[in-house]
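A.B. asks: Structural data only, the sequence is not supplied:
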C-alpha cells in the first residue's frame with residue numbers, strides 16, 4: 001500500500017470519528033442546558049442513533065453494495081450531513097432540532113460501514129494493516145473531546161453561555177471537509193455480481209443468519225448482547241451531563257481517556273482472549289460495566305474524582321471485552337456462508353434494538369427522578385447510575401449460569 005493511499009485512508013478515519021465525537025459526547029449536556037429538554041425528549045434524540053443503525057443495512061446493502069462507488073456515497077452523505085449539522089447549530093428548541101438530528105443519524109450511521117468498505121478494498125493484508133488505519137478514528141474522537149475542553153465549551157460557564165452550540169458548527173465544517181475529501185479517495189466500485197447471485201432482501205439486512213439462533217449458546221449470547229446495550233445507552237446519553245453537572249473540570253477531555261483505554265485493550269485483546277477464553281472474557285466485560293456505574297454512583301468531583309476517572313478508563317474493558325469479543329465469537333459460529341449476515345444481525349441487535357430500548361429506559365429513569373435534580377443533583381445521579389449497574393449485574397449472572405463454555409477458533413484472533 002502506497003504512502004498516499006495510507007494517508008488518505010487514515011485521514012478519512014480521523015475525520016469520520018472526529019465528526020462523531022465532536023458533538024455526540026456533549027449532546028446530552030447541550031440538550032439540557034441549551035434546549036431545556038426533558039429526560040424523555042433527550043432519550044428520543046439519542047434513539048435516532050439506533051434508528052440509523054436499524055436503517056443503515058438497507059442503505060448499504062441495497063445501494064452502496066450494488067449500484068454506486070462507496071467513496072462517492074460517503075462524500076454525498078457527509079455533504080448533506082454538513083448542511084444538517086448547520087441547521088442543528090441554528091435550532092432554537094427541541095421541536096426544531098429533532099427532525100434534523102433524526103435525518104442526520106439515518107445518513108451518518110451507514111458511513112461507518114462505508115469507511116470500512118473503502119479501507120478494506122485497498123488493503124492487501126487487512127488482518128495486519130487495518131488496525132493501523134482504524135486507530136486514526138480513535139485519535140480523531142480523542143482530538144474532538146480535547147478540543148472541546150481546551151476551548152472550555154463544556155465548562156459550567158461555557159455551557160451556561162451556550163458555547164456548546166459551537167460543537168455543531170465545528171462538526172459541520174468537518175463534515176464538509178470529509179464530504180469533499182471523499183471524492184479523491186481511492187475508487188471503490190460495487191462488486192459485480194451475476195443476476196442469479198443477487199442477494200435476497202433477507203440477506204441484505206442480515207436475516208439469513210437468524211438460523212444461528214437455533215444454537216443455544218449463540219441464542220443466549222444474542223439475548224445478552226441486546227440486554228447489555230441497555231447499560232451502554234445510559235453511558236452515551238448521561239455520562240457527559242453527569243460529569244458537567246457535578247462539576248468535573250474539562251469533562252469532555254477527560255472522557256477521551258475512555259477512547260485511549262479502548263485503543264490499548266483492543267491491542268491486548270487477542271492475547272487476553274486466548275488466555276481467558278470467550279466466556280470469561282465476556283464476563284469480565286460485563287463486570288466492568290457493573291463496577292463502572294457503581295463508581296459513577298458514588299464518586300464526586302472532589303475527593304472521589306479518582307472514582308470518576310477510573311470509571312471512564314474502564315471503557316476499554318467494557319467495550320472491547322464484550323463487543324469485540326462478541327464479533328470474534330459471531331465470526332467463529334457463522335461459518336463462511338453467513339459471516340457478513342451474522343455480523344449484520346448482531347449489529348442490528350446491539351446498536352439498533354438494544355440501544356433503542358436502552359435510551360428509552362434511560363429517559364424513563366431520568367424522568368422518574370427528575371424532581372431530585374434541582375434539590376439534590378448528586379442523589380439524582382446516584383439513582384440514575386444504580387439502575388444500569390443492576391441491569392448489568394443481572395445479565396452477567398444469567399450469562400454465567402446458562403452459557404456453556406466452548407472453545408472458539410477464529411482466524412481473527
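C.D. replies: Noted; the coordinates are in hand. Everything numeric here is computed off the predicted structure, so don't read it as measured data.
A.B. asks: Check which element follows whichever strand or helix holds residue 267 along the chain.
C.D. replies: Per DSSP states H and E: residue 267 is located in helix 257-276. Next along the chain after helix 257-276, taking DSSP H and E as the criterion, comes helix 278-298.
A.B. asks: got the buried residues for that next one?
C.D. replies: Using 16 or more other Cβ atoms under 10 Å as the test for burial, helix 278-298 gives 278-297. (C-beta placed from N, C-alpha, C; glycine too.)
A.B. asks: quick check: angle from the helix holding residue 267 to helix 278-298?
C.D. replies: If you take axes from the mean of the first three to the mean of the last three Cα atoms, to 10 degrees, helix 257-276 sits at 150 degrees to helix 278-298.
A.B. asks: Counting by contacts, list what helix 257-276 packs against.
C.D. replies: Secondary-structure packing of helix 257-276 (3 or more Cβ pairs under 8 Å, 6 or more residues apart in numbering; DSSP states H and E): helix 126-150, helix 278-298, helix 305-313, helix 315-319, helix 325-347.
A.B. asks: domains for the protein, by residue range?
C.D. replies: Following automatic domain parsing, one finds the domains of the chain at 1-186, 201-413.
A.B. asks: what would the ones you listed look like in JSON lines with mean pLDDT?
C.D. replies: Below are these laid out as JSON lines (pLDDT from 0 to 100):
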{"stretch": "domain 1-186", "mean pLDDT": "88"}
{"stretch": "domain 201-413", "mean pLDDT": "85"}
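A.B. asks: so who does residue 19 touch?
C.D. replies: 78, 81, 108, 140, 144, 171, 174, 175, 178 (Cβ atoms under 8 Å, 6 or more residues apart in numbering).
A.B. asks: Give me the buried entries from these.
C.D. replies: Buried, going by 16+ other Cβ under 10 Å: 78, 81, 108, 140, 144, 171, 174, 175, 178, out of these.
A.B. asks: mind listing which of the residues you listed are in helices?
C.D. replies: Secondary structure defined by DSSP state H assigns 78, 81, 108, 140, 144, 171, 174, 175, 178 of the buried ones among the contacts of residue 19 to helices.
A.B. asks: show me what contacts the third one?
C.D. replies: By Cβ under 8 Å, 6+ apart, the contact set of residue 108 is 19, 20, 52, 77, 81.
A.B. asks: between those residues, which is closest to residue 309?
C.D. replies: Nearest to residue 309 out of the contacts of residue 108 is residue 20 (Cβ to Cβ; 22.7 Å).
A.B. asks: Residue 141 is in contact with that closest one, correct?
C.D. replies: Yes. With contacts counted by Cβ atoms under 8 Å, residue 20 reaches residue 141, the gap being 6.7 Å.
A.B. asks: Give me the more crowded residue out of those two.
C.D. replies: Taking neighbours as other Cβ atoms under 10 Å, residue 20 and residue 141 compare with residue 141 leading, 27 against 21.
A.B. asks: got the contact list for that one?
C.D. replies: Residues in contact with residue 141 (Cβ under 8 Å, 6+ apart) are 17, 18, 20, 21, 256, 259.
A.B. asks: how about CSV for those residues, with distance to residue 325 added?
C.D. replies: Shown next, in CSV, are the contacts of residue 141 (distance: Cβ to Cβ, whole Å):
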residue, distance to residue 325
17, 21
18, 27
20, 23
21, 23
256, 23
259, 18
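A.B. asks: Taking those residues together, which two end up most distant?
C.D. replies: Maximum distance among the contacts of residue 141 (Cβ to Cβ): 12.9 Å, for 20 and 256.
A.B. asks: Report all helices and strands that the longest helix along the chain contacts.
C.D. replies: Using DSSP H to define each element, the chain has its longest helix at helix 216-245. If you count contacts as 3+ Cβ pairs under 8 Å, 6+ apart, helix 216-245 packs onto helix 27-33, helix 39-59, helix 251-255, helix 278-298, helix 325-347, helix 355-368, helix 377-402.
A.B. asks: May I see the buried residues of that helix?
C.D. replies: Counting neighbours by 16+ other Cβ under 10 Å, one finds that the buried residues in helix 216-245 are 217-218, 220-245.
A.B. asks: before we move on, back to that, need the winner for burial among the helices and strands packed on helix 257-276.
C.D. replies: Highest mean neighbour count of the helices and strands packed on helix 257-276: helix 315-319, a mean of 24 (counted as mean count of other Cβ atoms under 10 Å).
A.B. asks: Name the nearest residue to the most centrally placed residue in the chain, sequence neighbours excluded.
C.D. replies: For the chain, the residue nearest the mean C-alpha position is residue 351 (7.4 Å; Cα atoms, centre = their mean). Ranked by Cβ to Cβ, 6 or more residues apart in numbering and with sequence neighbours excluded, the top spatial neighbour of residue 351 is residue 53, at 3.8 Å.
A.B. asks: The one you found against residue 346, yeah?
C.D. replies: No. With contact defined as Cβ under 8 Å, residue 53 does not count as touching residue 346 (11.3 Å).
A.B. asks: what touches both of these two?
C.D. replies: Counting by Cβ under 8 Å, 6+ apart, nothing touches both residue 53 and residue 346.
A.B. asks: and the residue nearest to residue 242 when sequence neighbours are not counted, how many neighbours?
C.D. replies: Once flanking residues are discounted, residue 242 sits nearest to residue 381: 5.2 Å by Cβ to Cβ, 6+ apart. Residue 381: 24 surrounding residues under other Cβ under 10 Å.
A.B. asks: residues in contact with residue 381?
C.D. replies: The contact partners of residue 381, by Cβ under 8 Å, 6+ apart, come to 238, 242, 245, 246, 296, 297.
A.B. asks: and residue 10, which of the helices and strands packed on helix 257-276 is closest to it?
C.D. replies: Using Cβ to Cβ, the nearest of the helices and strands packed on helix 257-276 to residue 10 is helix 126-150, at 4.3 Å.
A.B. asks: buried sites along stretch 77-87?
C.D. replies: 77, 78, 79, 80, 81, 82, 84, 85, 86, 87.
A.B. asks: Contact partners for residue 360?
C.D. replies: Residues in contact with residue 360 (Cβ under 8 Å, 6+ apart) are 43, 47.
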